[in-house]
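Q: Build me a model:
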Amino acid sequence: MTNTASNVVVGKPKATGGVYAGATTATLPTTSNTALDASLSALGYLDEAGVTMTRGGDTNPLRAWGGDEIRVIKTTDDLSFAFNFLETSPAVLREVFGTDNVVVSGTGYKVSVNSTQLDYRAYVFEILDGETAYRVVVPNCQVTAQSDIVFTDGEPVAYGVTLSAFPDTSGNKAYIYTTKFFS
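A: Residues are numbered from 1 along each chain as shown. Next up, the predicted model:
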């Protein structure tokens, strides 16, 4: 195998938007260039750290008499996505605080902060590096962790979230599509 520089992809969001969310019933794309369902909301800018996809889980090693490890059984499987929203918009606030907890009135918003369980959602992450389009589709997920929201002079108010991905009807937690065939 040789080194191929053109196979290196940079995770830059598309200029038209990098993160979209909607109901789990939305029609989700099945390629990297399928048009997005109009019901998916653009969620605006994220901070420069971008999106972190984390695969994790636990394993249980099996040992034979004498102590040799002979097999490892996967006991849990986790997939999560973490990022920080930078925009304060109704769409972002609904993802962070819950759809029914954000009311738009004239030019302002009322956000109710409470213990309401957040909805299951579908997310699409759009990445474009030159001629390579890269799309991550998460059909069934939920915001399960949030960072502190800090109000300070000279820094944007950021809404840090972690999405936990759950299996869809095919047993998959996410799909990754790309337009370029890598060497």
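Q: Output the longest strand belonging to this protein.
A: Longest strand in the chain by number of residues (criterion: DSSP state E): strand 132-146.
Q: Parallel or antiparallel, list what pairs with it.
A: strand 121-129 (antiparallel), strand 159-165 (antiparallel), strand 175-178 (antiparallel) (DSSP bridges).
Q: of these, which approaches residue 143 most closely?
A: strand 159-165 (4.9 Å; Cβ to Cβ). Where C-beta positions appear, they are placed from N, C-alpha and C, glycine not excepted.
Q: what's the span of stretch 6-24 from first residue to last?
A: 35 Å (Cα to Cα, to the nearest Å).
Q: hmm, back to that, would you mark the buried spots in the longest strand of the chain?
A: 132, 133, 134, 135, 136, 137, 138, 139, 140, 141, 143 (16 or more other Cβ atoms under 10 Å).
Q: so which of these comes closest to residue 176?
A: residue 136 (5.4 Å).
Q: show me what contacts that closest one?
A: 51, 53, 81, 124, 125, 127, 174, 175, 176 (Cβ atoms under 8 Å, 6 or more residues apart in numbering).
Q: can you tell me how far the closest residue in space to residue 118 that isn't next to it in sequence sits from residue 68?
A: Distances taken as Cβ to Cβ, 6 or more residues apart in numbering put residue 143 closest to residue 118, at 4.9 Å, once the chain neighbours are dropped. The gap separating residue 143 from residue 68 is 43 Å, by Cβ to Cβ, to the nearest Å.
Q: ok, now how distant is residue 82 from residue 22?
A: Taken as Cβ to Cβ, the span from residue 82 to residue 22 is 20 Å.
Q: Okay then, goodbye and thanks.
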